[in-house]
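Engineer: Return atomic coordinates for the entry below.
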Amino acid sequence: MLTSLPPPQRIVVLRYRFIGDTVLMLPFLEALRKQYPQAVIDVVVSPNSGEILTHCPWINSLIFYCKKSENAPEKSTKNTVYIKGFQALVKHLKIQHYDWAFVLKRSLSSAVIPFLAGIPVRIGFNTEYRSVLLTHPLPYPERGHEVEAFLSVLSGVGIPTPQTPKLSAWIDDLTDCTVTNRFAPYAEGAIHIGLHAVASNPAKSWVTHRWQKLLGLLIERFEAQGVAPETVFFHAFGTKSDGSAYVPMLESLPPHWQRQWVDWCGQTDLLETQALLKRMILLVGVDSGLLHLATAIGTPIVGLYGALSVERWGVWKHTHATHELVDHQLLYLGLGCQPCELKKPCHNSFQCLGSLSEHLVLAAIQRIVCVNA
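Structural biologist: This next block holds a predicted model:
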């Protein structure tokens with residue numbers, strides 16, 4: 001138990017890479033700060049995801065870490081450091097003289113980093129033969145959500161965890177003002193539906209023709225209700241490279257509905273994206289970090305899940321952004337091969353998503369927003 005040791009003065013947490021992992025780490029950081037209010041707590045994150053922690057009140061500094069070959073800012077500020085390369089990160093952590101390191105990543109290399117940096121107490125999951133590198137190796141839970149898995153690292157060494165962990169989001173006034181101005185041309189619309197069709201792994205993406213059919217069904221419902229097109233907007237979210245995936249969807253819309261399409265791909269940073277998601281009545285999307293960004297801000301989700309476990313990776317329903325439990329709709333067919341976690345070749349053409357019909361998705365949307373004929 002760590003509670004028998006002197007309280008740490010300096011702590012570093014390593015969980016770099018994906019957006020979703022960064023969001024799901026938030027209850028861990030909140031609990032850690034509550035236990036050690038006076039300690040310095042720094043977090044190693046990736047440039048493409050750590051931005052959402054910019055205004056997090058539970059940490060002191062962000063260490064943005066990427067490979068030498070990756071593009072990233074090289075400037076550093078008082079509370080932000082940019083590190084390129086494995087050896088550079090080890091060197092930086094060594095001179096910071098951290099007392100404890102929490103290694104929330106499960107890879108072998110992530111445990112090597114604090115070991116080489118000489119951090120005396122190293123806590124993390126005993127995956128990938130890392131036990132020899134950690135002073136406190138802990139089992140990675142076979143069941144449960146990733147939020148709970150992160151918190152199990154704390155409880156495993158005697159640190160209290162919350163009974164109801166909650167996500168959080170912090171959007172600064174400047175970002176909110178910027179987004180308000182950019183959103184102004186569409187603000188008169190009564191219904192703003194967010195769409196996220198592209199995942200980092202193509203195997204997690206829903207097929208294009210089903211997106212086209214879903215949009216057609218939605219438009220049919222709206223028109224049957226007498227809803228004017230100018231009061232509905234479809235907002236496409238993603239990176240700049242994701243934009244091409246939306247072109248067939250836009251082209252499938254009737255001409256008078258194409259004016260209601262808003263393309264945000266590659267036009268916003270993560271905080272601006274989260275501020276936009278806050279303005280959506282719901283977000284329909286594939287299993288991705290964007291869904292977790294939306295849930296943290298309190299936006300209802302219709303999530304389309306295939307190869308990965310919903311129990312482990314489905315959106316977390318509790319957030320500080322709202323007092324009520326948000327009515328997320330997570331769609332998962334539960335085929336015999338699910339979840340495969342993408343650890344073996346699929347011989348069924350990923351029917352776990354391909355067979356997920358647009359009618360099921362429409363029904364889930366209807367449970368959140370009234371688009372009944």
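Engineer: surely S152 meets P141?
Structural biologist: Yes - judged on Cβ atoms under 8 Å, S152 makes contact with P141 at a distance of 5.6 Å. The C-beta positions use only the backbone N, C-alpha and C, and glycine is treated the same way.
Engineer: can you give me the helices in the stretch 1-150 of the chain?
Structural biologist: Ranges of helices in the stretch 1-150 of the chain, per DSSP state H, counting those that start in this stretch, are 19-24, 26-35, 86-96, 108-116, 146-155.
Engineer: So what touches stretch 53-68?
Structural biologist: With contact meaning Cβ atoms under 8 Å, 6 or more residues apart in numbering, stretch 53-68 is reached by 12, 16, 22, 26, 29-30, 32-33, 40-47, 50, 72-73, 79-86, 89, 92, 168, 170-172, 271.
Engineer: mind listing which of these are in strands?
Structural biologist: 12, 40-45, 80-84 (DSSP state E).
Engineer: Going by distance to T178, which of those residues wins?
Structural biologist: Distance to T178 across the ones in strands among the contacts of stretch 53-68 (Cβ to Cβ) is lowest for T80, with 19.7 Å.
Engineer: got the contact list for A245?
Structural biologist: A245 makes contact with 197-198, 205, 208, 238 under the criterion Cβ under 8 Å, 6+ apart.
Engineer: Drop anything exposed from those residues.
Structural biologist: The neighbour count (16 or more other Cβ atoms under 10 Å) marks 197-198, 205, 238 as buried among the contacts of A245.
Engineer: Just give me the closest of the residues you listed to W313.
Structural biologist: Taking Cβ to Cβ as the measure, W313 lies nearest S205 of the buried ones among the contacts of A245, at 15.2 Å.
Engineer: Give me the phi and psi for that closest one.
Structural biologist: When read as degrees, to the nearest 10, the backbone of S205 gives phi -100, psi 140.
Engineer: Who are the contact partners of it?
Structural biologist: Contacts of S205 by Cβ under 8 Å, 6+ apart are 197-199, 245, 286, 353.
Engineer: 10 Å - rerun?
Structural biologist: By Cβ atoms under 10 Å, 6 or more residues apart in numbering, the contact set of S205 is 196-199, 211, 242, 245, 286-288, 304, 306, 350, 353.
Engineer: Let's see which of the contacts of A245 end up in strands.
Structural biologist: Using DSSP E, none of those sit in strands.
Engineer: got CSV for these, with distance to A364 too?
Structural biologist: Putting those into CSV (distance: Cβ to Cβ, whole Å) gives the following:
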residue, distance to A364
A197, 16
V198, 20
S205, 18
T208, 19
G238, 21
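Engineer: Which two of those residues have the greatest separation?
Structural biologist: Largest separation among those by Cβ to Cβ: T208 and G238, giving 13.9 Å.
Engineer: one step back: in helices only, show me the contacts of A245.
Structural biologist: T208 (DSSP state H).
Engineer: Distance to H359 and pLDDT for the contacts of A245 - can I get that in TSV?
Structural biologist: TSV is the format used below for these (distance: Cβ to Cβ, whole Å; pLDDT from 0 to 100):
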residue	distance to H359	pLDDT
A197	18	96
V198	22	91
S205	19	90
T208	17	94
G238	25	95
